[in-house]
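Trainee: Quick one: sequence and predicted model below, then my questions.
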Amino acid sequence: MTANIKLLGDTTKVEKGYIVKGKSARVGHEYYIICPKCGENIVFKPEKEGGMVVRCTKCAQKVAVKTKLPVVKQDVKTDTVDESEKAKEHKGTVRISDSGFKNGELHWKARMLGCPLIPKSYRLRTDRINTIGRQDSSCPSDVSLQDDYVSRQSVTIEVVRQEVGFQFKMKVVNASNPVFLNGSRQSIGETVYLQDNDTIRMGRSVLTFKLSK
Ligand SMILES: [Zn+2]
């Protein structure tokens with residue numbers, strides 16, 4: 001028996017004999033079960049869906065196995081990509097704004113003690129690196145957030161001029177408090193190019209990146 005054959009599951013006694021409970025074997029795949037009578041490994045490979053009876057080569061004990069068709073592999077990218085995979089893809093994306101030289105803006109709702117949330121926005125500057133962080137006069141950021149769960153000068157966004165538009169290069173520089181882009185945690189030093197409607201979550205604050213209209 002080769003090492004990569006999978007154990008299908010435990011056998012259990014029923015009225016008419018033994019079955020493998022709960023699990024089904026996929027057609028065309030090789031499995032083994034442990035003979036409930038003598039402990040021998042019984043290797044088998046189902047050929048059609050529905051079910052089959054496997055017989056122990058040592059003691060001839062029969063065990064019923066449910067079988068089903070194998071999973072048809074779809075395009076992996078659309079089928080099994082989860083949010084973190086999407087984010088990885090996102091990181092590698094160097095997308096230039098297809099809307100010409102539109103600049104970018106950040107939108108968020110500011111928290112002030114005892115007040116309702118106040119909508120705020122900031123237009124990213126092209127002449128320098130923009131910073132986002134906790135409000136602190138000794139260590140100021142362009143976007144100052146009154147949020148104790150945000151690090152000082154935590155994130156930078158650099159507007160990079162390219163032939164056909166701007167790129168918005170975001171980098172986490174200080175993340176004693178975690179920073180998430182579209183739900184995916186960013187590590188320090190990682191560079192991501194922002195796209196329209198991306199959300200940056202830091203502390204209790206959520207900022208949305210938008211291309212200027
Ligand atoms: Zn046996």
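Mentor: Received the coordinates, thanks.

Trainee: The longest strand seen in the chain packs against which elements?
Mentor: Longest strand in the chain, counting residues (DSSP state E): strand 17-26. Packed against strand 17-26 by the contact rule (3 or more Cβ pairs under 8 Å, 6 or more residues apart in numbering; DSSP states H and E) you find strand 11-14, strand 62-68. Using the backbone N, CA and C atoms, a C-beta is placed for each residue, glycine as well.

Trainee: what comes up buried for the last one?
Mentor: Read it as strand 62-68. Buried residues in strand 62-68, counted by 16 or more other Cβ atoms under 10 Å: 63, 65-67.

Trainee: isn't G203 right up against D147?
Mentor: Yes. At 4.2 Å, G203 and D147 qualify as touching, with contact defined as Cβ atoms under 8 Å.

Trainee: So for the two, which residues contact both of them?
Mentor: R134 (Cβ atoms under 8 Å, 6 or more residues apart in numbering).

Trainee: returning to that earlier point: now, among the buried residues of strand 62-68, which is nearest to the ion?
Mentor: Set against the ion, the nearest of these by Cβ to the ion is V63 (9.1 Å).

Trainee: And for the closest one, nearest residue in space, chain neighbours not counted?
Mentor: Y18 (4.5 Å; Cβ to Cβ, 6 or more residues apart in numbering).

Trainee: What is the neighbour count of the one you found?
Mentor: Residues near Y18, counting by other Cβ atoms under 10 Å, number 21.

Trainee: Before we move on, what's the pLDDT of it?
Mentor: Note on Y18: pLDDT of 94.

Trainee: Who is it paired with across the strands?
Mentor: K13, V63 (DSSP bridges).

Trainee: So, low pLDDT: which residues of the protein?
Mentor: 1-3, 72-101, 112-113 (pLDDT under 70).

Trainee: can you list the domains in it?
Mentor: Listed by automatic domain parsing, the domain ranges of the chain are 6-68, 78-211.

Trainee: what about the shortest one, distance to the chain center?
Mentor: Distance of domain 6-68 from its chain centroid, counting by Cα atoms, centre = their mean, to the nearest Å, is 36 Å.

Trainee: That domain near the ion anywhere?
Mentor: Yes. Using Cβ under 5 Å from the ion, domain 6-68 comes into contact with the ion via 35, 37-38, 40, 56, 58-59, 61.

Trainee: will you turn those residues into JSON lines that also has secondary structure and neighbour count?
Mentor: Formatted as JSON lines, these follow (DSSP: H, G, I helix; E, B strand; the rest coil; neighbours: other Cβ atoms under 10 Å):
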{"residue": "C35", "secondary structure": "coil", "neighbour count": "22"}
{"residue": "K37", "secondary structure": "coil", "neighbour count": "15"}
{"residue": "C38", "secondary structure": "coil", "neighbour count": "13"}
{"residue": "E40", "secondary structure": "coil", "neighbour count": "15"}
{"residue": "C56", "secondary structure": "coil", "neighbour count": "20"}
{"residue": "K58", "secondary structure": "coil", "neighbour count": "13"}
{"residue": "C59", "secondary structure": "coil", "neighbour count": "13"}
{"residue": "Q61", "secondary structure": "coil", "neighbour count": "18"}
